[in-house]
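Trainee: compute the structure for the input listed below.
(2 chains)
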2 protein chains.
Amino acid sequence: MSSPRGNALIGQSGGPTCVINQSLVGVVEEALRSDRIDHVLGAVHGIQGILDGNLIDLGKESTATLEAVARTPCAALRSIRKKPTREECEAMLRSFQENDVRYFFYLGGNDSAETAHILNELAVAENYDVRLFHVPKTIDNDLRVTDHCPGFGSAAKFVAQAVMGDNQDNRSLPGIKIDIVMGRHAGWLTAASLLARRYEDDGPHLIYVPERVFSLDDFLADVDRIYTRHGRCLVVASEGIHDANGDSLLDSGERDSHGNVQLSGSGALGDFLANEVKEKLGSKLQKKLRVRADTFGYLQRSFLGSVSEVDAREAREVGRTALRVATGGEVPHGSIVIRRMGDGAAYQAAYEVTELANVARETRDLDEAFLAGDNDIDRSFLDYVAPLVGELPRPERLSDHPFSR
Amino acid sequence: MSSPRGNALIGQSGGPTCVINQSLVGVVEEALRSDRIDHVLGAVHGIQGILDGNLIDLGKESTATLEAVARTPCAALRSIRKKPTREECEAMLRSFQENDVRYFFYLGGNDSAETAHILNELAVAENYDVRLFHVPKTIDNDLRVTDHCPGFGSAAKFVAQAVMGDNQDNRSLPGIKIDIVMGRHAGWLTAASLLARRYEDDGPHLIYVPERVFSLDDFLADVDRIYTRHGRCLVVASEGIHDANGDSLLDSGERDSHGNVQLSGSGALGDFLANEVKEKLGSKLQKKLRVRADTFGYLQRSFLGSVSEVDAREAREVGRTALRVATGGEVPHGSIVIRRMGDGAAYQAAYEVTELANVARETRDLDEAFLAGDNDIDRSFLDYVAPLVGELPRPERLSDHPFSR
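Mentor: Residues are numbered from 1 along each chain as shown, chains lettered A, B, ... in the order given. Predicted coordinates for the structure are as follows:
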């Protein structure tokens, strides 16, 4: 199968990550080198830019600008949360034809893979030769097939640093502290808080992920037990925790066009849990408890200056691989996946391609083996996550030698 | 006036900072060198440790441990929020006498300076020779006399990095975003978000500090104007914003023993403002607006791995200065202050001492010259804050060369 000659188009979609522009620049730099590609175009705000004819010429950017953009968090092409209608897919295909787009790279999560998949089926039906590739990114780490997702390592590093610091804060001024971490369906990012635990009495003392049913009564009993034992309690919970019916503890009612409930951008869940502890546990212990909640929010996907170097490197390579595979001609469409080669210090990534349909729509939960009971993460998860995060600063405490005259 | 010989005692108090342990280690390392000091003691949980007899021997810590602790955020001696009663002050003085404490260093904000001040008056009245020094720290930067406070530079750096990233996020997925920054009485830390603005259309587009009366109607009109102009709006507001009566928009009713209202550890203010925008502006524009809020919370004072090097160095030097001044004998008590010597690249800090009474209780607002109208910070503030924060990562955007066939 020979690969067509024409223009390449790139779009970014969904929630940003700190390294999504590494993948963008990875595609661009390889595209500029390829003899199959004339112009390297960007769609501003993803598929919306295609529909609006808002395309930019990435070939005119200097290498210095591209490298600086690669180090900047969040979609440089700007993003979109949009599920295209049948008519919009047809309009996009016409835009491809008009602009001689023979390669389309869509950087995003499972919803973006689904968009690429739908577009591909339409292109095949209309017999237009365009090579459609999904370039994975998500801090949620919940894509299927791939060992892990570009964007996750940096977000996991942020969560680890935040919880390490917050554990010191909670030890300084004891009380009950609840930290809410992003992750709609899967607890991967919340689980990364385990990296903060070093001493036996270090937080996080309790970790709640969406893979387990969340019971408010069990939660209050867990906090009671830890607080009684350590005089403090640091809880990390995913924004996606839910009851036995699968319902969120709070439902803002706001949904995006893919039907996802709005969970982020509000402190409501943390404040709700904090109030429950303050009132119910406070009344049980007959004590005015110091209870606080922080919702880490968008900082997890956008904070400037705390990127995992492994993650940045892999995100770049995933973009390069997408371009090489697409122009190589052997595979007409697909999603790039990372395979883990070797563990610990021997950790290495290999890059492969899988069918779009394997990644579209569905998400991947935290492996069962990584769950420890209903409120903790197994230490084996550290072997999985540590190589993706890279080196972390190491907090230290005093030895507390008692003094007496 | 000769300086007494005996033991030195150190305590940490109030909200942590990322460099408060630099000051602790600064006192300890100079104390270990001093011929006036026999043992270097730490009070666990500040004055509570003195009352409980919970004292540790800091002279037994290794240099390696001390250096690692210096790099760890939050009070290694653990902290306390407590205003001592008259009886407790007398009990502390008895503890000083029993443990031959001749030097007491209290690391904290204006409340801690007040505690040191009260203790000092009691010691003078009882004719017990103990040298009492306040070692300043606060991310709020609201202490009087000093040019700036150790802890502020690192928190300002965190806020700048967070808002720089969030500006990219808001540009990627446009909407109205509200970020709440710590600062009970003063807007110094909120003002530091100005460091994130580079291009004309960059956020933060609106900055609200407690030095100005906050009007909900004016706020909604401001957001409307920016949103209409840029299609997005990034707001940074201090947790301490208040109405014309000085009342917080929300009052949780929870107060500490110094009478301070609890503002942090909850997303309520951000969520309140977001809902107001969603409902009132949404109904005015007849549009479903995408409005999100993040409360940066305790990460501002505890995040591990994003310290200002200038701040860390100054915090260390403030601790060292306190010990040297105390044992020098010329000044029996006081608070260490930083004087700014030279601007820009020529920035340097000099360390001096002022009376405890000058720092106790009262706070210092953002200078009037740094305020620009009711919703912005003057660019002259950048000259003040930039040397304290040090080098920042620099985000970059694409040039957006239009493509047309």
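
Trainee: from now on I want contacts and neighbour counts done on CA atoms only, so please keep to that.
Mentor: Fine.

Trainee: got the residue ranges for the strands in the stretch 101-250 of chain A?
Mentor: Ranges of strands in the stretch 101-250 of chain A, per DSSP state E, counting those that start in this stretch, are A:101-108, A:131-136, A:176-181, A:206-208, A:233-238.

Trainee: and the helix or strand just after the last one with strand A:176-181, angle?
Mentor: Just to be clear, that refers to strand A:233-238. Proceeding N to C from strand A:233-238, the next assigned helix or strand is helix A:268-276, under DSSP states H and E. Here helix A:268-276 runs at an angle of 160 degrees relative to strand A:176-181 (axes from the mean of the first three to the mean of the last three Cα atoms, to 10 degrees).

Trainee: what mean pLDDT does the helix or strand just after helix A:268-276 get?
Mentor: Using DSSP H and E, the helix or strand that follows helix A:268-276 in sequence is helix A:282-285. Per-residue pLDDT values over helix A:282-285 give a mean of 95.

Trainee: could you list the buried residues of helix A:282-285?
Mentor: Across helix A:282-285, burial judged by 16 or more other Cα atoms under 10 Å in any protein chain shown covers A:Gly282.

Trainee: what comes into contact with it?
Mentor: A:288-289 (Cα atoms under 8 Å, 6 or more residues apart in numbering or on different chains).

Trainee: pull the distance from that helix to the chain's centre.
Mentor: Computed by Cα atoms, centre = their mean, to the nearest Å, the chain-centroid distance of helix A:282-285 equals 38 Å.

Trainee: could you export it as CSV, CA atoms only?
Mentor: Provided in CSV are the C-alpha atoms of helix A:282-285 (Å, rounded to 0.1, in the frame of the first residue of the first chain):
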residue,chain,number,x,y,z
GLY,A,282,-17.3,15.8,65.1
SER,A,283,-20.6,15.0,66.8
LYS,A,284,-19.5,11.4,67.4
LEU,A,285,-16.2,12.4,69.0
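
Trainee: and the residue nearest the centre of chain A?
Mentor: Nearest residue to the geometric centre of chain A (Cα atoms, centre = their mean): A:Ile139, 1.0 Å.

Trainee: helix or strand for A:Val337, which one?
Mentor: With DSSP H and E as the criterion, the answer for A:Val337 is strand A:333-341.

Trainee: so where's chain A shaky on pLDDT?
Mentor: Applying pLDDT under 70 to chain A flags residues A:1, A:251-265.

Trainee: residue boundaries of the helices in it?
Mentor: Assigned by DSSP state H, chain A shows helices spanning A:20-33, A:47-52, A:63-70, A:86-98, A:110-125, A:152-172, A:188-191, A:216-230, A:268-276, A:282-285, A:299-302, A:309-328, A:356-359, A:380-389.

Trainee: for the third one, packing partners?
Mentor: Spelled out, it's helix A:63-70. Using 3 or more Cα pairs under 8 Å, 6 or more residues apart in numbering or on different chains; DSSP states H and E, the elements in contact with helix A:63-70 are helix A:20-33.

Trainee: tell me the residues of the stretch 251-400 of chain A that contact chain B?
Mentor: A:264-268, A:270-271, A:291-299, A:302-305, A:393-400 (Cα under 8 Å from any Cα of the partner chain).

Trainee: buried subset of those residues?
Mentor: Buried members of these, counted by 16+ other Cα under 10 Å: A:264-268, A:270-271, A:291-299, A:302-305, A:395-398, A:400.

Trainee: chain B contacts on the stretch 101-250 of chain A?
Mentor: A:161-166, A:168-169, A:171-173.

Trainee: repeat the analysis, applying 10 Å as the threshold.
Mentor: A:158-174, A:177-179 (Cα under 10 Å from any Cα of the partner chain).

Trainee: quick one on the thing from earlier: ranking the strands of the stretch 101-250 of chain A by burial, who's on top?
Mentor: strand A:131-136 (a mean of 30; mean count of other Cα atoms under 10 Å in any protein chain shown).

Trainee: quick revisit: ok, now how distant is the residue nearest to the centre of chain A from chain B?
Mentor: Distance, A:Ile139 to chain B, using Cα to the nearest Cα, to the nearest Å: 14 Å.

Trainee: wait, that residue sits on A:Ala192?
Mentor: No. Between A:Ile139 and A:Ala192 there is no contact under Cα atoms under 10 Å: 11.3 Å.

Trainee: mind listing the shared neighbours of these two?
Mentor: Listed as contacting both A:Ile139 and A:Ala192 by Cα atoms under 10 Å, 6 or more residues apart in numbering or on different chains are A:152-153, A:155-156.

Trainee: so can I have a markdown table of those residues showing neighbour count?
Mentor: Putting these into a markdown table (neighbours: other Cα atoms under 10 Å in any protein chain shown) gives the following:
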| residue | neighbour count |
| --- | --- |
| A:Phe152 | 29 |
| A:Gly153 | 32 |
| A:Ala155 | 31 |
| A:Ala156 | 29 |
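
Trainee: now those as a markdown table including distance to B:Ala113?
Mentor: What follows is these, written out as a markdown table (distance: Cα to Cα, whole Å):
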| residue | distance to B:Ala113 |
| --- | --- |
| A:Phe152 | 44 |
| A:Gly153 | 43 |
| A:Ala155 | 39 |
| A:Ala156 | 39 |
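
Trainee: residues contacting the nearest residue to A:Ala244 once chain neighbours are set aside?
Mentor: Leaving aside its sequence neighbours, A:Ala244 sits nearest to A:Val213 (Cα to Cα, 6 or more residues apart in numbering or on different chains; 5.4 Å). A:Val213 makes contact with A:241-247, A:374 under the criterion Cα under 10 Å, 6+ apart.

Trainee: from chain B, how far off is A:Val213?
Mentor: 25 Å.

Trainee: how far away is that residue from B:Ile50?
Mentor: A:Val213 is 45 Å from B:Ile50, where distance means Cα to Cα, to the nearest Å.

Trainee: what of A:Asp400?
Mentor: Separation of A:Asp400 from B:Ile50 (Cα to Cα): 15 Å.

Trainee: and A:Val159, by the same measure?
Mentor: Distance from A:Val159 to B:Ile50, by Cα to Cα: 35 Å.

Trainee: these two - which one has more neighbours?
Mentor: Neighbours per residue, other Cα atoms under 10 Å in any protein chain shown: of A:Val159 and B:Ile50, the larger number sits with A:Val159, 28 against 23.

Trainee: which residue is the nearest non-sequential neighbour of that one?
Mentor: A:Ser193 (5.9 Å).

Trainee: that neighbour reaches A:Lys157, doesn't it?
Mentor: Yes. Contact criterion Cα under 10 Å: A:Ser193 and A:Lys157 qualify, at 8.8 Å.

Trainee: give the residues shared as contacts by the two.
Mentor: A:Val163.

Trainee: just the endpoints, please. Distance across stretch A:206-225?
Mentor: Using Cα to Cα, the distance between the terminal residues of stretch A:206-225 is 11 Å.

Trainee: to clarify, my last question referred to stretch A:13-26.
Mentor: 16 Å.

Trainee: close to chain B, is it?
Mentor: Yes. Stretch A:13-26 is in contact with chain B by Cα under 10 Å from any Cα, via A:13-18.

Trainee: quick one: the residues you listed as JSON lines, columns for neighbour count too.
Mentor: Output for the residues of stretch A:13-26 next to chain B, formatted as JSON lines (neighbours: other Cα under 10 Å):
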{"residue": "A:Ser13", "neighbour count": "27"}
{"residue": "A:Gly14", "neighbour count": "23"}
{"residue": "A:Gly15", "neighbour count": "23"}
{"residue": "A:Pro16", "neighbour count": "32"}
{"residue": "A:Thr17", "neighbour count": "29"}
{"residue": "A:Cys18", "neighbour count": "36"}
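
Trainee: which of the residues you listed fall in strands?
Mentor: The subset of these located in strands under the criterion DSSP state E is empty.

Trainee: count the neighbours of A:Met92 for me.
Mentor: A count of neighbours around A:Met92, defined by other Cα under 10 Å, yields 21.
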